[in-house]
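Trainee: For reference, the sequence and a predicted model appear below.
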Protein chains: 2
Amino acid sequence: MAEDQLSRAFTALADPTRRDIVARLSLGDATPGQLAEPFAMSLQAVSKHLKVLEEAGLISRTRDAQRRPCHLETAVLDEMTAWVDRYRRNAEERFRRLDAVLAALAEDEEQDQEETAQQDEGVASS
Amino acid sequence: MAEDQLSRAFTALADPTRRDIVARLSLGDATPGQLAEPFAMSLQAVSKHLKVLEEAGLISRTRDAQRRPCHLETAVLDEMTAWVDRYRRNAEERFRRLDAVLAALAEDEEQDQEETAQQDEGVASS
DNA sequence: GTTGTTCTCAACCAATCGGTTGAGAAGGAA
DNA sequence: TTCCTTCTCAACCGATTGGTTGAGAACAAC
């Protein structure tokens, strides 16, 4: 996926109104008028939001007389989760390995302490 | 998760520089100086990006003398995939059901056509 | 102490964003 | 045709964004 496409997708979902629209569209296609209804803003503002979502590839629009029904496209949503998951996995795998190393070190430490304790029998610790 | 926290997270990842930083940090902690090195911009600019990432909860910062090592936090990444996946699943489940309905309709249609063909034997179609 | 390194803060600037209003295109209904 | 509905486009406005430079805080090293 092109870099700026991913930027557009994240930018699109950064706005709460646009996330609400995506949530609504996940339940079924809807016209701009229907989508604008729950919001305290003009139809033109919603129309702008739909343009942003369309340019991000998150929705597509068909035609039905004057109406322009909007349809949620899932491909870009897939790309977004793929990106986020990739680096989340990177980090978590790294933490897992680090934990293993720390656990091994802790075991060595325990071993060392036991040996030291044997050597230092009867000597007060500082 | 708070609504504006999610907005901050998506806003943070909307910028390519910040996505690069997250990718880099997924491989291991790093200081602002190390993170700024590959970019053709000032350290101050990178410092601002780190502030955005920190306020989104995507990174945390500790202290090591003058250095402020950055650490990737995966919790918010989880929240982001959870959000995206929720509505992707909604939509895909809906498409799956729609496909089933259409398949059923197509079968009925076939049935109807067979019956009509029997009734209309020898009659030219209009 | 002074010096050098690392990093953040403050002020500024051009560009973008999210809303507004007004105009008009596209198409069904009277 | 004329009206009404639905929607987009264009221009504008204030707030935010992503960069800059300059100043200075915090700390190690000398």
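Mentor: Arrived safely.

Trainee: counting contacts, what elements does the longest helix seen in chain A pack onto?
Mentor: When chain A is parsed with DSSP state H, its longest helix is helix A:75-119. When contacts are defined as 3 or more C-beta pairs under 8 Å, 6 or more residues apart in numbering or on different chains; DSSP states H and E, helix A:75-119 sits against helix A:3-13, helix B:16-25, helix B:75-119. Just so you know, the C-beta spots here come from the backbone N, C-alpha and C atoms, and that holds for glycine as well.

Trainee: Between those helices, which one is closest to B:Leu6.
Mentor: helix B:75-119 (6.3 Å; C-beta to C-beta).

Trainee: Now find how far off-centre the closest one is within its chain.
Mentor: How far helix B:75-119 lies from its chain's middle: 22 Å, per C-alpha atoms, centre = their mean, to the nearest Å.

Trainee: just the angle between it and helix B:3-13, please?
Mentor: Helix B:75-119 runs at 90 degrees relative to helix B:3-13, counting by axes from the mean of the first three to the mean of the last three C-alpha atoms, to 10 degrees.

Trainee: So which residue is smack in the middle of chain A?
Mentor: A:Val84 (5.3 Å; C-alpha atoms, centre = their mean).

Trainee: Please report the distance of it from B:Arg19.
Mentor: 10 Å (C-beta to C-beta, to the nearest Å).

Trainee: list residues touching both of these two?
Mentor: B:Leu13 (C-beta atoms under 8 Å, 6 or more residues apart in numbering or on different chains).

Trainee: ok and the residue in chain A nearest DNA strand D?
Mentor: A:Gly33 (2.4 Å; C-beta to the nearest atom of the strand).

Trainee: what's the closest non-adjacent residue to that residue?
Mentor: In this structure, A:Gly33 finds its nearest non-sequential neighbour in A:Leu43, 6.7 Å apart by C-beta to C-beta, 6 or more residues apart in numbering or on different chains.
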